[in-house]
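Novice: Sequence isn't available, so here's the structure alone:
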């Protein structure tokens, strides 16, 4: 049984992790429900604030501007080797080159409460010695390294299947978060654990084996440095800091902050232990569990199941759900407002999770949180033609080879602001009118819209139930309306959007949800603004 002290320490740890990445939190959440209601208030994870208004708002909507051109596109380093057609090739090699890396300085913790930190070190490859072993194919050429702006911080988030004090296991969750201090904005990309990549100093293998291999081989800088170098070598993304937590720490942390509320848009059905304390080795302790679309309160055990389930979906969809749960945890953690206590508690509780970030950097990022809430977080995934299915000849294992020509665009977006970044353009406001008998549909629609950067408001207007969903846009034309994205989110063709020339309407869009509406959308394949490659 947990004591009050241990529960408090876990809470502080989660807040510490939240503060490390406080700049990622992008929504205050749906604070109220239509007509009150007694459901748990959802702590949504989207990139704009979803509001339920009663009575309807009376402020005049800001006319949206034309789509702003993307600026500050990251360039590749000129002194790097040219990019191969596929970052992983399979022809034999007898003399692979040695990558070189300067060891990254590890900043020491400090108890000063002011948001100051040691200078951020730009990572390079470790200096390796001895024989490198390449099995089943050539060592691929390293991709060009992105030139990252000086006021950008890249953090590697890791979830492990082994308790931290027991050593290093395979990484079950790998997410890169990039925080732009000047926006401020943030982006995150999930890396599928079955990607077949080159692990420097070793061989081609799954990316989730890099951590354990680094520990066994005493890799320069440690196990995490091995994974960081793997990411730098295969994807060109320099990692400045990392944060790692195991499954038990994850569950305890969710429980310590009082649980989270998650908007589940798609039905999820998978095997689940009937009770967390049961023996998972006994078949009779398992049951098929179904999570229907709606707003769901989750304790630590449920949140872990939701974030790890993949038997009936995929590793890619699991990555999406992990980002969703992470955002809910960060939002809840920041709302606990323990920032003033973090410096004095740092030395006491820092062993409950692993990070190489010092207090100064943690506080610097936390200070960005309010503006990032407003400006937005971009969610990215490596899916579709960015990966090539591959069967390993030696083992028969089925894995995914990253196709750099296709994946490059996604990693480039990691360093760009979200398309609907409110730091550079007015928000696109959307009023949602629910003409169904299911109140959760409006909440799910609001979450989906806010996830991509729209600013939704749920009306309490009572209307008759109708089947068809309709969309109206209040302007002379659709220029700058992101109609192609909004129509995809609502699953209606863009040509069905009706233009209304009413300059007195309080919002840019009005969506009337009909009974035909389904919130389940293939978010992994959402349309994107085209990025021009130079």
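Specialist: Looks like it arrived, so ask away. Model, not experiment: these values are computed from the prediction.
Novice: rest of the way, CA atoms for contacts and neighbours
Specialist: Will do.
Novice: State whether residue 142 is indeed within a strand.
Specialist: No. Residue 142 is assigned coil when assessed by DSSP: H, G, I helix; E, B strand; the rest coil, not a strand.
Novice: where's the closest residue in space to residue 418 that isn't next to it in sequence, which helix or strand?
Specialist: In space, and not counting its chain neighbours, residue 418 is closest to residue 378: 5.1 Å by CA to CA, 6 or more residues apart in numbering. Assigned by DSSP states H and E, residue 378 belongs to strand 377-381.
Novice: Can you name every helix or strand that that strand contacts?
Specialist: Counting by 3 or more CA pairs under 8 Å, 6 or more residues apart in numbering; DSSP states H and E, the packing neighbours recorded for strand 377-381 are strand 185-190, helix 315-335.
Novice: Now do the strands in the stretch 401-534 of the chain.
Specialist: Under the criterion DSSP state E, counting those that start in this stretch, the stretch 401-534 of the chain contains strands at 429-434, 455-459, 470-473, 498-499, 509-513.
Novice: Was I right to think residue 198 contacts residue 229?
Specialist: No. Checked against CA atoms under 8 Å, the pair residue 198 and residue 229 is beyond contact range at 9.9 Å.
Novice: Residue 182: what's it in contact with?
Specialist: Applying CA atoms under 8 Å, 6 or more residues apart in numbering to residue 182 gives the contacts residue 151.
Novice: Pairing partners for the strand holding residue 378, with directions?
Specialist: Here strand 377-381 has these sheet partners by DSSP bridges: strand 185-190 (parallel).
Novice: model confidence over the partner strand, on average?
Specialist: Strand 185-190 comes out with an average pLDDT of 92.
Novice: Pull out the buried residues from that strand.
Specialist: Burial within strand 185-190, assessed by neighbour count using 16 or more other CA atoms under 10 Å, is assigned to 185-190.
Novice: Sheet partners, orientation included, of the helix or strand that comes right after that strand?
Specialist: Per DSSP H and E, the first helix or strand lying C-terminal to strand 185-190 is strand 196-198. According to DSSP bridges, strand 196-198 forms sheet pairs with strand 204-206 (antiparallel).
Novice: Stretch 521-531 - what's its average pLDDT?
Specialist: For stretch 521-531, the mean per-residue pLDDT is 80.
Novice: try stretch 427-444
Specialist: Mean predicted lDDT for stretch 427-444 stands at 95.
Novice: Sketch out the low-pLDDT regions of the stretch 351-500 of the chain for me.
Specialist: 351-352 (pLDDT under 70).
Novice: same check, this time on the stretch 201-350 of the chain
Specialist: Along the stretch 201-350 of the chain, the model assigns pLDDT under 70 to residues 330-331, 333-334, 337-350.
Novice: Could you pull out the strands in it for me?
Specialist: Taking DSSP E, counting those that start in this stretch to define them, one finds strands in the stretch 201-350 of the chain at 204-206, 241-246, 260-264, 268-273, 286-291, 294-298.
Novice: Now the first one: buried residues?
Specialist: It refers to strand 204-206. By neighbour count with 16+ other CA under 10 Å, strand 204-206 contains the buried residues 204-206.
Novice: and those residues as a markdown table, adding distance to residue 409?
Specialist: Shown next, in a markdown table, are those (distance: CA to CA, whole Å):
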| residue | distance to residue 409 |
| --- | --- |
| 204 | 23 |
| 205 | 23 |
| 206 | 22 |
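Novice: still on that earlier bit, among the strands of the stretch 201-350 of the chain, which comes closest to residue 309?
Specialist: When those are compared by CA to CA, strand 268-273 sits nearest residue 309, at 6.8 Å.
Novice: Let me know the angle separating that closest one from strand 286-291.
Specialist: If you take axes from the mean of the first three to the mean of the last three CA atoms, to 10 degrees, strand 268-273 sits at 150 degrees to strand 286-291.
Novice: hmm, who's touching strand 268-273?
Specialist: With contacts defined as CA under 8 Å, 6+ apart, strand 268-273 is touched by 280, 285-292, 305, 309-312.
Novice: Let's see that with 10 Å instead.
Specialist: When contacts are defined by CA atoms under 10 Å, 6 or more residues apart in numbering, strand 268-273 is touched by residues 279-280, 282-293, 301-302, 305-306, 309-313.
Novice: Okay, now the sheet partners of it, with direction.
Specialist: The pairing partners recorded for strand 268-273 under DSSP bridges are strand 286-291 (antiparallel).
Novice: now the angle from the partner strand to strand 260-264?
Specialist: Strand 286-291 runs at 80 degrees relative to strand 260-264, counting by the same axes, to 10 degrees.
Novice: start to end distance for stretch 192-200?
Specialist: Terminal residues of stretch 192-200 lie 18 Å apart, using CA to CA, to the nearest Å.
Novice: Stretch 459-474 now?
Specialist: Chord length of stretch 459-474, first to last residue, is 17 Å (CA to CA).
Novice: do stretch 301-315 as well
Specialist: End-to-end distance for stretch 301-315: 19 Å, by CA to CA.
Novice: So which bits of it are buried?
Specialist: Buried, per 16+ other CA under 10 Å, within stretch 301-315: 301-310, 315.
Novice: can you map out the helices along the stretch 101-250 of the chain?
Specialist: Assigned by DSSP state H, counting those that start in this stretch, the stretch 101-250 of the chain shows helices spanning 210-216, 223-235, 247-256.
Novice: which other helices and strands contact the last one?
Specialist: With contacts defined as 3 or more CA pairs under 10 Å, 6 or more residues apart in numbering; DSSP states H and E, the secondary structure elements packing on helix 247-256 are helix 4-20, strand 152-160, helix 300-308, helix 315-335.
Novice: now swap in the first one and tell me
Specialist: On a contact count with 3+ CA pairs under 10 Å, 6+ apart, helix 210-216 meets strand 171-180, helix 223-235.
Novice: These into TSV, with extra columns for mean neighbour count and distance to residue 388?
Specialist: Converted to TSV, the helices and strands packed on helix 210-216 look like this (neighbours: other CA atoms under 10 Å; distance: least, CA to CA, whole Å):
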stretch	mean neighbour count	distance to residue 388
strand 171-180	24	19
helix 223-235	24	15
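Novice: could you dump these to JSON lines with distance to residue 433?
Specialist: Output for the helices and strands packed on helix 210-216, formatted as JSON lines (distance: least, CA to CA, whole Å):
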{"stretch": "strand 171-180", "distance to residue 433": "35"}
{"stretch": "helix 223-235", "distance to residue 433": "43"}
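Novice: Of all those, which one is nearest residue 427?
Specialist: Among the helices and strands packed on helix 210-216, strand 171-180 comes nearest to residue 427, with 19.3 Å by CA to CA.
Novice: angle of the closest one against strand 377-381?
Specialist: 140 degrees.
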